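Trainee: dropping a prediction and its sequence here:
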Amino acid sequence: MRSLLVLLAFILGHASSLRADVKPVKNKTKYDFLLRLPDSYSENGDKEPILVFLHGKSLSGNNLDRVKRYGVLYAMDRGQEVPGIVVAPQTANGWKADDVMEVIDYVLENYNADPSRVYVCGMSMGAYGTLDVAGKYPDRIAAAVAICGGGLLKDAQNLAQVPLWIQHGNRDRAVPVSESKKIFNAIKQYNKDADATLTIIPGGTHGSVERLFHSSKIYDWLFSYKK
């Protein structure tokens, strides 16, 4: 019993320390955001990559704590290791590429971050936002992961310039898998050699694919790229 209590205290203490490392940044850009610096961060050390997580519609609002309910920070709070500077903005009404880039520029200007290693990932509405950002700023984004979302077909030419991993569950009833297929096919139609991958997850629902953030695969893939 004593050993169990010690273990629980350790787990709770570890989780609390993770949460304590997450800093809210408010009234600096159009979107307020949560920021987590890596343990290795130093103003005078090597420049750190930036990973931006864009949430789905259910986390919209003006309470930054909601952004921890799923996705990258949620996975980190449960032990997933993610390198670099993690940025999780919050929107109250959909994502705008220019406003996401404003957040990225703020981090680049105020922290020791590497502009050649800027990555974006998102789920549902956040996946649409991810492809919107990559589609408007292909010269700024090193790689992107879009989960259970879609994109604008007019952006296919620009998206062909960005390494993309698009993932979608085949049992998604909220956003049909055809949304990811359409943008992927448009990219490949423009450039068959584009570095774009579409992964259809058998049995994956709109919510169950959140588990992808709890695996190192997407992070290893993202951070393997550099502008």
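Mentor: Perfect, thanks for sending it.

Trainee: okay, CA-based contacts and neighbour counts for the rest of this
Mentor: Fine.

Trainee: show me the contact partners of stretch 24-35.
Mentor: 22-23, 64, 85-91, 99-100, 102-103, 106 (Cα atoms under 8 Å, 6 or more residues apart in numbering).

Trainee: dump that stretch to PDB, restricted to CA.
Mentor: The C-alpha trace of stretch 24-35 is given here as PDB (Å, rounded to 0.1, in the frame of the first residue of the first chain):
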ATOM      1  CA  PRO A  24       0.100  31.200 -21.000                       C
ATOM      2  CA  VAL A  25       0.900  34.100 -23.300                       C
ATOM      3  CA  LYS A  26      -2.000  36.600 -23.600                       C
ATOM      4  CA  ASN A  27      -2.600  39.800 -25.400                       C
ATOM      5  CA  LYS A  28       0.600  39.600 -27.500                       C
ATOM      6  CA  THR A  29      -0.900  38.300 -30.700                       C
ATOM      7  CA  LYS A  30      -4.400  37.800 -32.200                       C
ATOM      8  CA  TYR A  31      -4.500  34.400 -30.600                       C
ATOM      9  CA  ASP A  32      -3.600  33.800 -26.900                       C
ATOM     10  CA  PHE A  33      -1.500  30.700 -26.700                       C
ATOM     11  CA  LEU A  34       0.100  28.200 -24.400                       C
ATOM     12  CA  LEU A  35       3.900  27.900 -24.600                       C
END
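
Trainee: run the chain-centre distance for it.
Mentor: Distance of stretch 24-35 from the chain centroid (Cα atoms, centre = their mean, to the nearest Å) equals 16 Å.

Trainee: same question for stretch 192-203.
Mentor: Taking mean C-alpha positions (Cα atoms, centre = their mean), stretch 192-203 and its chain are 17 Å apart.

Trainee: buried stuff in that stretch?
Mentor: Ala194, Asp195, Ala196, Leu198, Ile200, Ile201 (16 or more other Cα atoms under 10 Å).

Trainee: same list (these) but as JSON lines, adding pLDDT and secondary structure.
Mentor: Listed next are the buried residues of stretch 192-203 as JSON lines, based on pLDDT from 0 to 100; DSSP: H, G, I helix; E, B strand; the rest coil:
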{"residue": "Ala194", "pLDDT": "98", "secondary structure": "coil"}
{"residue": "Asp195", "pLDDT": "98", "secondary structure": "coil"}
{"residue": "Ala196", "pLDDT": "98", "secondary structure": "strand"}
{"residue": "Leu198", "pLDDT": "98", "secondary structure": "strand"}
{"residue": "Ile200", "pLDDT": "98", "secondary structure": "strand"}
{"residue": "Ile201", "pLDDT": "97", "secondary structure": "strand"}
